[in-house]
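Asker: Coordinates for the following, if possible.
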Amino acid sequence: MGTIKFECGPVRPTATLIVKAQPIEVIRGLQDQEVFESESAQFFIEISRVIEEFHWFKKGHLLEPGEDVIVSRDDRTYNLELRNCQISDMGTIRFEAGPVKPTATLIVKGSTMYRAARKKRFQCELVLSSLRFQCKVGEIAFSMNQC
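Answerer: Sure, this is the predicted structure:
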């Protein structure tokens, strides 16, 4: 925005120039991710034009690139990789670039193997986000009160 002035003898016209940024649209939005502990979760978003300054947040906290946090941009696609996810990483992931602030949910599932009294192998899966509990012996699933 600015004012343009022109002088030619007694004539002194002025004009104001107003430049507005093009609106930003989300082409491909963030998707919720569900991974097991120690796995990686990948988030990406594509927007209609390049914005140089962008940030990723996890549970409201700014993410800084590091060994387990990989941030990159390829033209209009912005990427976040969270490596070695833990149960404590579960929560909301937010991307911010200008007025664009979409969110997605990261769900981290823990899976533990146990051995029963008769040395039968079974697997218990606990998903904290939905408080679902399931036991399996081989391919046979048991309800909560049977485990």
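Asker: Show me what the nearest residue to residue 53 once chain neighbours are set aside is bridged to.
Answerer: Take residue 53 and drop its neighbours on the chain: the residue closest to it by C-beta to C-beta, 6 or more residues apart in numbering is residue 97, 7.1 Å away. For glycine as for every other residue, the C-beta is placed from the backbone atoms N, C-alpha and C. Beta-bridge pairing for residue 97 (DSSP bridges): residue 100.
Asker: list the contacts for residue 97?
Answerer: 24, 47, 51, 53-55, 78 (C-beta atoms under 8 Å, 6 or more residues apart in numbering).
Asker: Spatially, which two of those are the most separated?
Answerer: 24 and 55 (14.7 Å; C-beta to C-beta).
Asker: measure residue 22 to residue 55 for me?
Answerer: Computed as C-beta to C-beta, to the nearest Å, the residue 22 to residue 55 distance reads 21 Å.
Asker: lowest-confidence helix or strand of this structure?
Answerer: Using mean pLDDT, DSSP states H and E, strand 121-127 stands out as the lowest-scoring helix or strand of the chain, at a mean of 60.
Asker: If you drop the residues flanking it in sequence, what lies closest to residue 40?
Answerer: residue 83 (4.7 Å).
Asker: Assess the claim that that neighbour and residue 67 are in contact.
Answerer: Yes: Residue 83 lies in contact with residue 67 (C-beta atoms under 8 Å); the separation is 7.3 Å.
Asker: In terms of neighbours, single out the busier of the two.
Answerer: Taking neighbours as other C-beta atoms under 10 Å, residue 83 and residue 67 compare with residue 83 leading, 14 against 7.
Asker: who touches that one in this structure?
Answerer: By C-beta under 8 Å, 6+ apart, the neighbours of residue 83 are 40, 67-70.
Asker: All good on my end, thank you.
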